Structures are given as C-alpha cells and as structure tokens.
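S.K.: show me how the following folds:
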Amino acid sequence: MSFTGPSVAASAGRTARRAFDFGRTYVVRPKGKHQATIVWLHGLGDNGNSWSTLLETLPLPNIKWICPTAPQQPITLFGGFPSTAWFDVSDLSENASDDLDGLDASATYVASLLANEPSDIKLGIGGFSMGAATSLYSATCYALGKYENGNQFSPNLSAVVGLSGWLPCAKSLSNKLEGKNEAAGRAASLPILLCHGKGDDVVAYKFGEKSAEKLSSTGFRDTTFKSYPALGHYTIPEEMDEVCAWLNSKLGLQGM
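M.R.: Here you go, the predicted structure:
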C-alpha cells in the first residue's frame, strides 16, 4: 500500500508529491482470546520482522500484533542515503524540523491497519526509536481528532507505548490543544508508557524525559515514564516485562 503527501513546492508553482511505499507487514496472531490489537513500529533502518519475532515471545496471549515495515526513503541525516524510515530526519536535536508529510503518511497507514479490527477489540500503537516517535505523534493526532493535514483520525486508541523515542511537534502541541475540550478529554484518558535508557547514545535520554514532561503538561495525564540506568539504544527483558505488566493493566487483559 502506498500513500502520497505534499512535499516542497516544485517548479511553476506546482507541489510535488512524495510517494510512500510501505513494505511487508508481519502479523503475530493471539494465542488466546483476542482482546487487543497493537500496531508496533520498528526503528530507523529496521523492518517489521525483527520486532514480530520478539513480540511473539511475550506472555501476552490476548494481543494481536501488527508489525509493518516502513518505506524506503532518502534520509537527510544520512546525506540522502535511503533507509527504511517512517519519516525523514534531518538532525536528532530539539531544534530539528519535523517531516509532517512523512509523519502524516505513516500515522495514516497505521490507522488503516487498525481500521478492520473488530469493534469490541481494544486498539493500541507502540514502537521503538523512530517507531516510538510515530506512535507518540499518532497519540497527539488521536487527541486532536485529526492529522496535521486536517484529515480525520479515526481509531479509538486505548494504549500507546514508546521505547527510546521522542515526541515530534512538541513545541506546537500546547497551542493545538488549548481551548479544545474534546481533545483535552481524549488526551486525559489515553494511557501512554514511555521507557528510555540513560545510556542511550542515539536518542538522548533527555529527549525521552522531556517528551514525557511535555505530554503530561499538555493534558496527557495518564503518562508513565520509566528510566533504565544502564540501558543503551536497544531493549532488555526488564523493559519488556514492564511493557507487558503495563499493557495487562491498562488494557484489562484477562487470562487465555
């Protein structure tokens, strides 16, 4: 499946459109009663298979995992060298610009993967690194009820998880939510778990910490932040145990 989004203005006043061709999707079926579906997003340069292999080992028999693969696209941070990525990244800093076209395209694609799930199934989004950033962006779209491009955000989210990531568009979030009662209500009721290692040398720990603070201060009241002193830019069993316990609690998962 591919999505297109407006890009920089082209010659003669026309707008060029980027095509986003998403790769293979891997699905982990629930081993017990299907109670929740979570789309899980990999990090930069990875694919859906690596995470589906890990998620299949978790003691969460009631969750169906959908693990898509991001499009191949030129990455500014890599001097234009292509990589699997949910959006373009120019710099890992607080002043880096956000690729709104890429974020909207990926968040829209994630929503499409959840669109056909049964109405009685709880829905969630999670991810690692850039995948975590896309998940948190989706959380803000859920609260606002729309993407940056104005299109409606439809899935009713019950949980969002971000490991070793950051919150895109953090600086403008307060203004977007201000005075919007419906959005404030959705933000307040959405459980979000953020985990980050203090030894992360790719996405600095402070980005995860500040992302959690920004979410909490803008009305995402059910935001939990967990830090791990020796953890780098990867995951460990202790962290995944935390994710399992949190999902069981927030989604109310019961037995087999």
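
S.K.: going forward, measure contacts between C-alpha atoms and count neighbours the same way
M.R.: Noted.

S.K.: tell me the helices and strands packed up against the host helix or strand of residue 182.
M.R.: Assigned by DSSP states H and E, residue 182 falls within helix 181-189. Counting contacts by 3 or more C-alpha pairs under 8 Å, 6 or more residues apart in numbering; DSSP states H and E, helix 181-189 packs against helix 130-144.

S.K.: please repeat the previous calculation with a cut-off of 10 Å.
M.R.: helix 130-144, strand 157-163, helix 170-177, helix 205-217, strand 223-228 (3 or more C-alpha pairs under 10 Å, 6 or more residues apart in numbering; DSSP states H and E).

S.K.: enumerate every residue touching residue 78.
M.R.: By C-alpha atoms under 10 Å, 6 or more residues apart in numbering, residue 78 lies in contact with 88, 89, 90, 91.

S.K.: Serialize the residues you listed to CSV and add fields for secondary structure and pLDDT.
M.R.: Below are the contacts of residue 78 laid out as CSV (DSSP: H, G, I helix; E, B strand; the rest coil; pLDDT from 0 to 100):
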residue, secondary structure, pLDDT
88, coil, 95
89, coil, 93
90, coil, 89
91, coil, 83
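
S.K.: contacting residues around the helix holding residue 182?
M.R.: So helix 181-189 is contacted by 139-146, 156-159, 176-178, 215-216, 218-223 (C-alpha under 10 Å, 6+ apart).

S.K.: can I get it as CSV, trimmed to CA atoms?
M.R.: The C-alpha trace of helix 181-189 is given here as CSV (Å, rounded to 0.1, in the frame of the first residue of the first chain):
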residue,chain,number,x,y,z
ASN,A,181,-12.4,20.4,25.4
GLU,A,182,-13.0,17.3,23.4
ALA,A,183,-9.3,17.0,22.6
ALA,A,184,-8.4,17.6,26.3
GLY,A,185,-10.8,14.8,27.3
ARG,A,186,-9.2,12.3,24.8
ALA,A,187,-5.7,13.3,25.9
ALA,A,188,-6.5,12.9,29.6
SER,A,189,-8.0,9.4,29.1
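
S.K.: other SSEs contacting whichever helix or strand comes after that helix?
M.R.: Next helix or strand after helix 181-189 toward the C-terminus (DSSP H and E): strand 192-197. Judged by 3+ C-alpha pairs under 10 Å, 6+ apart, the packing partners of strand 192-197 are strand 122-128, helix 130-144, strand 157-163, helix 205-217, strand 223-228, helix 237-251.

S.K.: flag the shaky bits of the stretch 51-200 of the chain, pLDDT-wise.
M.R.: Along the stretch 51-200 of the chain, the parts satisfying pLDDT under 70 run over 94.

S.K.: could you count how many residues lie near the residue nearest to residue 231 when sequence neighbours are not counted?
M.R.: Excluding its sequence neighbours, the residue lying closest to residue 231 (C-alpha to C-alpha, 6 or more residues apart in numbering) is residue 197, at 4.2 Å. When neighbours are defined as other C-alpha atoms under 10 Å, residue 197 has 25 of them.
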